[in-house]
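**Q** after the sequence you'll find the predicted model.
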Amino acid sequence: MEARAEIMTDRSQPSMIPRSRRIILLTLKAIVGIALMYFVLRMVDLNELLESLKSANLLSLGVATSLLTLNLGIRILKWKNMLRAAGNEVTAREAATSVFLGITFGSFTPGQLGELGGRFLGIANGKSAHIIGLTILDRTQIFLVLAMSGLTSYAFLVLSAGPAAAASVVSVAGCLFLYVRLDLIQKIFSRVPLHFFRKEWLRDLLESFNLLGKKEIVRTLLYSLAFNFVLFLQMFFFLNAFGSVDPWTAFIGFSAMMFFKSLLPLSIGDIGIREASTLYFFSMLGVSNVVALSAALMMFTTNMILPSLVGVFFLPSTRFLKPSPARSQQ
């Protein structure tokens, strides 16, 4: 616990990318997103898309939208448990602030990388490298869950039932092994004989991959699986708000899209990547472009825009705008 207690200290990490280069990359990825959305919109009749949105099944829309509360609740509970397991006692409000700020900052950055800084800003006390490291660990865990379902969906898209089932079992087993042994990353890099991997801030960040015990690993796995399942339910109900899609088709298309876009953080907030991949994979399954795009737009609005707007109200609670008790006593 003494090693874990160090998380209560604070140390900023250096910026790895020059500001000018960050601006150039941000501009290029904004252009990529705009270009992709242009081509996506060219693939559908805009009047038909608007009519689809207007005539949506309100019950299905309501169910899918209401699942956002469960979606966010799972993320907040998981984040709170991860922080506490690492030795940082936080309240439910602090955990919620951190998650909402992460979504807000991540919504306008490529690959949602801004989530790293957003979550850090929401915690009043804590070592920056550890909090950012835990955020990376959280994102890595979610990625591996997406890989389980995504690789399974790819197997069933390109193979017959028997080989696809076998390939999915192997994929899931491999992802589960990586999930429970992410601490190997820290052990491997600690042995790399390069000066870069000897930097203190990087050692602190990699140490975060080894902060969770076995019980916490299992608990976070359940949270990650539940989070992905809620996302699938949202997609299923959104699809059925605009058309008629069976659960298996929804699962294959959703899983393929989610894993694919997680591999290509090429635009701000995944704009364009998400919509293009949704159209591509669901078209392979016989779902119309209008239905698929309508569902993708609703997923983006519900799970990204709405929480981002809420996150703005948490900005006054950030660690730099809200003085800590220690500072106020000085």
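**A** Received the coordinates, thanks.

**Q** from here on, just use CA atoms for contacts and neighbour counts.
**A** Noted.

**Q** need the CA coordinates for the host helix or strand of Tyr280. CSV is fine.
**A** Assigned by DSSP states H and E, Tyr280 belongs to helix 273-284. Presented in CSV, the C-alpha positions along helix 273-284 are these (Å, rounded to 0.1, in the frame of the first residue of the first chain):
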residue,chain,number,x,y,z
ILE,A,273,-14.8,6.7,-39.5
ARG,A,274,-17.8,5.6,-37.4
GLU,A,275,-20.4,6.4,-40.0
ALA,A,276,-18.4,5.0,-43.0
SER,A,277,-17.6,1.7,-41.2
THR,A,278,-21.3,1.4,-40.0
LEU,A,279,-22.5,1.7,-43.6
TYR,A,280,-19.9,-0.7,-44.9
PHE,A,281,-20.4,-3.6,-42.4
PHE,A,282,-24.2,-3.3,-42.2
SER,A,283,-24.5,-3.2,-46.0
MET,A,284,-22.7,-6.6,-46.0
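
**Q** got the contact list for that helix?
**A** 33, 36-37, 40, 253-254, 256-258, 260-261, 264, 266-267, 288-289, 292-293, 296-297 (C-alpha atoms under 8 Å, 6 or more residues apart in numbering).

**Q** now a ChimeraX select for only the buried ones of those.
**A** Typed into ChimeraX, the line below selects the buried ones among those, using 16 or more other C-alpha atoms under 10 Å:
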select :33,36,37,40,253,254,256,257,258,260,261,266,267,289,292,293,296
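
**Q** among the contacts of helix 273-284, name the ones in helices.
**A** Secondary structure from DSSP state H places 33, 36-37, 40, 253-254, 256-258, 260-261, 289, 292-293, 296-297 of the contacts of helix 273-284 in helices.

**Q** quick one on the thing from earlier: give the buried residues for the helix holding Tyr280.
**A** By neighbour count with 16+ other C-alpha under 10 Å, helix 273-284 contains the buried residues 273-282.

**Q** over to stretch 236-254?
**A** Within stretch 236-254, judged by 16+ other C-alpha under 10 Å, the buried ones are 236-243, 245, 249-254.

**Q** now that stretch: average pLDDT?
**A** Stretch 236-254 comes out with an average pLDDT of 95.

**Q** hey, C-alpha coordinates of that stretch in PDB?
**A** The C-alpha trace of stretch 236-254 is given here as PDB (Å, rounded to 0.1, in the frame of the first residue of the first chain):
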ATOM      1  CA  PHE A 236     -29.900  -2.600 -31.600                       C
ATOM      2  CA  PHE A 237     -32.700  -0.300 -30.500                       C
ATOM      3  CA  PHE A 238     -31.600   2.600 -32.600                       C
ATOM      4  CA  LEU A 239     -31.500   0.300 -35.700                       C
ATOM      5  CA  ASN A 240     -35.000  -0.900 -34.900                       C
ATOM      6  CA  ALA A 241     -36.100   2.600 -34.500                       C
ATOM      7  CA  PHE A 242     -35.500   3.100 -38.200                       C
ATOM      8  CA  GLY A 243     -36.000  -0.400 -39.600                       C
ATOM      9  CA  SER A 244     -36.200  -4.000 -38.600                       C
ATOM     10  CA  VAL A 245     -32.900  -5.700 -37.700                       C
ATOM     11  CA  ASP A 246     -32.500  -9.000 -35.800                       C
ATOM     12  CA  PRO A 247     -30.200  -9.300 -32.700                       C
ATOM     13  CA  TRP A 248     -27.500 -11.400 -34.500                       C
ATOM     14  CA  THR A 249     -27.200  -9.000 -37.500                       C
ATOM     15  CA  ALA A 250     -27.100  -6.100 -35.100                       C
ATOM     16  CA  PHE A 251     -24.400  -7.800 -33.000                       C
ATOM     17  CA  ILE A 252     -22.200  -8.700 -36.000                       C
ATOM     18  CA  GLY A 253     -22.500  -5.200 -37.600                       C
ATOM     19  CA  PHE A 254     -22.000  -3.300 -34.400                       C
END
